[in-house]
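Asks: The following comprises the amino acid sequence and a computationally predicted model.
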Amino acid sequence: DAGVIQSPRHEVTEMGQEVTLRCKPISGHDYLFWYRQTMMRGLELLIYFNNNVPIDDSGMPEDRFSAKMPNASFSTLKIQPSEPRDSAVYFCASSFGTGRTGELFFGEGSRLTVL
Amino acid sequence: SQQGEEDPQALSIQEGENATMNCSYKTSINNLQWYRQNSGRGLVHLILIRSNEREKHSGRLRVTLDTSKKSSSLLITASRAADTASYFCATDKSGTYKYIFGTGTRLKVLA
């Protein structure tokens, strides 16, 4: 298996632009997580899905952020409009549900810079 | 916030020495996991310990869990330069599958 695949790996954009980050989880995993990592705030859980349904989005910073999972093999995290404070590394992770190992498999991340 | 706190924030040791890092959390949990992150990379799972377990071993790793103190420790024995990385604990609140990560310990192993 190729693991969790994220794209783009790097994105540089200007304030006000729309940003879309993409994630392909490991086949068969039924949980998908979006995290954001910054030096100041560490790793923050933004939202997680179970069987394509959002379960908890309490970590989404504000209405500018939205996430979707239209099917079991694809998820997007969208920021519109982007702001410099959104600059961070965004990680996607997937997992089997509780009852199996519970291990989260992470992608390599998407490094976002908003100028 | 349930976020775990880890200490020390940074640790520098000589190759061959043992490294111990600690994690504290705030709420009841199902599991506690430890992850490793090399610079510029994603996190990699190291070991999981369930709430009804007190100690677990995997190779050079030893994890302990004290649910009464809401704390865990990760011991890396006979450290190597390749162990240089950041280490994070992650906990899931009982009744959920919501994994929250700690603040991390930056470990540097000097050759």
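Replies: In hand now; what should we look at? Numbers count the residues shown, from 1 in each chain, chains lettered A, B, ... in the order given.

Asks: in its sheet, what does the helix or strand encompassing A:Leu112 sit against?
Replies: Of the helices and strands defined by DSSP states H and E, A:Leu112 is found in strand A:110-114. Sheet pairing for strand A:110-114, assigned by DSSP bridges, gives strand A:10-13 (parallel), strand A:88-95 (antiparallel).

Asks: Skipping adjacent residues, who's closest to A:Ile79 in space?
Replies: A:Val19 (4.5 Å; Cβ to Cβ, 6 or more residues apart in numbering or on different chains). Using the backbone N, CA and C atoms, a C-beta is placed for each residue, glycine as well.

Asks: Can you give me the neighbour number for that neighbour?
Replies: 20 (other Cβ atoms under 10 Å in any protein chain shown).

Asks: Identify the bridge partners of the spatially most central residue of chain A.
Replies: Central residue of chain A (Cα atoms, centre = their mean): A:Trp34, 3.1 Å from the mean position. Taking DSSP bridges as the rule, A:Trp34 bridges to A:Ile47, A:Cys92.

Asks: How about A:Cys23?
Replies: A:Gln6, A:Ser75.

Asks: For it, grab the count of nearby residues.
Replies: Using other Cβ under 10 Å, A:Cys23 has 25 neighbouring residues.

Asks: right, and it touches A:Ala72 too?
Replies: No: assessed by Cβ atoms under 8 Å, A:Cys23 is found out of contact with A:Ala72, at 11.8 Å.

Asks: Get me the contact residues on chain A for chain B.
Replies: By the rule Cβ under 8 Å from any Cβ of the partner chain, the part of chain A lying against chain B is A:4, A:31, A:33, A:35, A:42-43, A:45, A:48, A:50, A:55-56, A:91, A:93, A:95, A:97-98, A:101-109.

Asks: Give me the buried entries from these.
Replies: Using 16 or more other Cβ atoms under 10 Å in any protein chain shown as the burial test, the residues of chain A next to chain B include A:4, A:31, A:33, A:35, A:42-43, A:45, A:48, A:56, A:91, A:93, A:95, A:102-109 as buried.
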